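Trainee: structure here, sequence nowhere to be found:
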């Protein structure tokens, strides 16, 4: 699973979370009401944080049984940040980690999701305001999620020890970032339209390759496929004419990367499928949302699926069972073979995932 982060939404539940069991460590706050936790840790292929009557819980999502249930409560302490959302990341070995923000810029509390034991294990601390971007053998922590600063700091860490191996400065304020778990590459976009720069950072060697963003495109997301960036956006607004009712995608694939441009609507999310050249774009036009799959290598559109009755999309994630499209209180499973979708409810309001 690649992970795309958006700097503008960091303070409004940008970063995703895994979860903690109800038997959290001492000092955690009590839930507003009793929440019955499920036990299907083994079946969960994706995790999200949901709000259940004022208490944040980690829900496991099983696309095979079309079920989502709370598995753990997010641990709470007196020095937790009440604005920033917890952060969830799936590592390249399939494990998940949870980072819970603290006040006054103090390091996040970091937990490992132990699915075999059905609990979360405390794993130390994580730098505040850094997005966790897991690559193949290394992890990148990108700072700049508050949208400030003339440069983006990227910490390159060992995936087992989480020790910093090097620091890299990427010019410009971070807008979007995504890791490629099939290679040790992170793709980033800095600046804002029309002055966007797209970068590919080789974590192993520290080499940064940068280039201008696509001209005439309002970049609204970045994925990382095969170690190269995929910039997705919409044609910049024109004063002449009415926007088309149906969106058409223009896909330009080069050795340096791929650009996906819609002629109307907005890009809600863009994600690359692990180990393939397939990239999915969540495209909203009016009150309709489509999941459009393209081949980033050939530039061909593969298939489209319209989400029936979907609200605003919150996140798009890939699993073995297909694409999971999260909205405020539900998740839609999009079958990559048939193109059919099935929607089922979340146990609470979506917070992060």
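Mentor: Thanks, I have the structure now. Here the structure is a predicted model, which means the values were calculated and not measured.
Trainee: strands paired with the helix or strand residue 317 falls within, and their directions?
Mentor: According to DSSP states H and E, residue 317 maps onto strand 315-319. Strand pairing for strand 315-319, determined by DSSP bridges: strand 322-326 (antiparallel).
Trainee: who's in contact with the partner strand?
Mentor: 46, 48, 61, 63, 271, 280, 282, 289, 291, 307, 310, 313-318, 331-336, 341, 346, 350, 353 (Cβ atoms under 8 Å, 6 or more residues apart in numbering). Just so you know, the C-beta spots here come from the backbone N, C-alpha and C atoms, and that holds for glycine as well.
Trainee: which among those residues end up buried?
Mentor: Among the contacts of strand 322-326, those scoring as buried are 46, 48, 61, 63, 271, 280, 282, 289, 291, 307, 310, 313-318, 331-334, 336, 341, 346, 350, 353 (criterion: 16 or more other Cβ atoms under 10 Å).
Trainee: inside strands: which ones of those?
Mentor: Using DSSP state E, the subset of those located in strands is 46, 48, 61, 271, 280, 282, 289, 291, 315-318, 331-334, 341, 350.
Trainee: starting at the chain centroid, how far to stretch 102-110?
Mentor: 20 Å (Cα atoms, centre = their mean, to the nearest Å).
Trainee: endpoints of it, how far apart?
Mentor: With Cα to Cα, to the nearest Å as the measure, stretch 102-110 spans 11 Å from end to end.
Trainee: ok, now stretch 281-296?
Mentor: OK, stretch 281-296 end separation, Cα to Cα: 11 Å.
Trainee: for stretch 276-295, same thing?
Mentor: 9 Å.
Trainee: with stretch 298-315 instead?
Mentor: Per Cα to Cα, the first residue of stretch 298-315 is 25 Å away from its last.
Trainee: tell me the mean pLDDT over it?
Mentor: Mean pLDDT, stretch 298-315: 88.
Trainee: just the helices in the stretch 51-200 of the chain please.
Mentor: Taking DSSP state H, counting those that start in this stretch, the stretch 51-200 of the chain contains no helices at all.
Trainee: so where do the strands sit in it?
Mentor: Using DSSP state E, counting those that start in this stretch, the strands of the stretch 51-200 of the chain run over 55-62, 67-73, 87-90, 96-100, 108-114, 119-126, 130-134, 138-143, 151-158, 164-171, 174-180, 185-192, 195-202.
Trainee: make CSV out of these and add mean pLDDT.
Mentor: Listed next are these as CSV, based on pLDDT from 0 to 100:
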stretch, mean pLDDT
strand 55-62, 92
strand 67-73, 96
strand 87-90, 89
strand 96-100, 91
strand 108-114, 91
strand 119-126, 88
strand 130-134, 93
strand 138-143, 94
strand 151-158, 93
strand 164-171, 94
strand 174-180, 94
strand 185-192, 94
strand 195-202, 95
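Trainee: closest one to residue 267 among those strands?
Mentor: Between residue 267 and the strands of the stretch 51-200 of the chain, the shortest separation by Cβ to Cβ is 10.2 Å, and it involves strand 174-180.
Trainee: how far does the closest one sit from its chain's centre?
Mentor: Centre to centre, stretch against its chain (Cα atoms, centre = their mean), the figure for strand 174-180 is 9 Å.
Trainee: which other helices and strands contact that strand?
Mentor: strand 4-6, strand 130-134, strand 138-143, strand 185-192, strand 217-225, strand 266-272 (3 or more Cβ pairs under 8 Å, 6 or more residues apart in numbering; DSSP states H and E).
Trainee: how about residue 67: what's its closest non-neighbour residue?
Mentor: Closest residue to residue 67 in three dimensions, ignoring its sequence neighbours and counting by Cβ to Cβ, 6 or more residues apart in numbering: residue 344, at 6.7 Å.
Trainee: do residue 193 as well
Mentor: Residue 193 sits nearest to residue 218 (Cβ to Cβ, 6+ apart), 4.4 Å away.
Trainee: so who does that neighbour touch?
Mentor: 193-194, 233-237.
Trainee: what residues sit buried inside stretch 194-201?
Mentor: Buried-residue list, stretch 194-201, by 16+ other Cβ under 10 Å: 196-201.
Trainee: what does stretch 122-135 give?
Mentor: Buried-residue list, stretch 122-135, by 16+ other Cβ under 10 Å: 126-135.
Trainee: endpoints of stretch 51-59, how far apart?
Mentor: Using Cα to Cα, the two ends of stretch 51-59 sit 10 Å apart.
Trainee: from the chain's centre, how far out does it sit?
Mentor: On Cα atoms, centre = their mean, the centre of stretch 51-59 falls 19 Å from that of its chain.
Trainee: how about that stretch: buried residues?
Mentor: 51-52, 55-59.
Trainee: TSV for those, including distance to residue 303?
Mentor: Shown next, in TSV, are the buried residues of stretch 51-59 (distance: Cβ to Cβ, whole Å):
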residue	distance to residue 303
51	33
52	35
55	39
56	35
57	34
58	31
59	28
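Trainee: wait, residue 81 sits on residue 103?
Mentor: Yes - with contacts counted by Cβ atoms under 8 Å, residue 81 reaches residue 103, the gap being 5.1 Å.
Trainee: of those two, who's got more company?
Mentor: residue 81 (17 against 14; other Cβ atoms under 10 Å).
Trainee: leaving out chain neighbours, which residue sits closest to that one?
Mentor: Here the residue nearest residue 81, using Cβ to Cβ, 6+ apart, is residue 101, at 4.1 Å.
Trainee: give the contact list for that neighbour.
Mentor: 80-81, 84-87, 108, 128.
Trainee: want to throw the residues you listed into CSV with distance to residue 184?
Mentor: Compiled in CSV, these are given as follows (distance: Cβ to Cβ, whole Å):
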residue, distance to residue 184
80, 33
81, 30
84, 28
85, 27
86, 26
87, 21
108, 23
128, 24
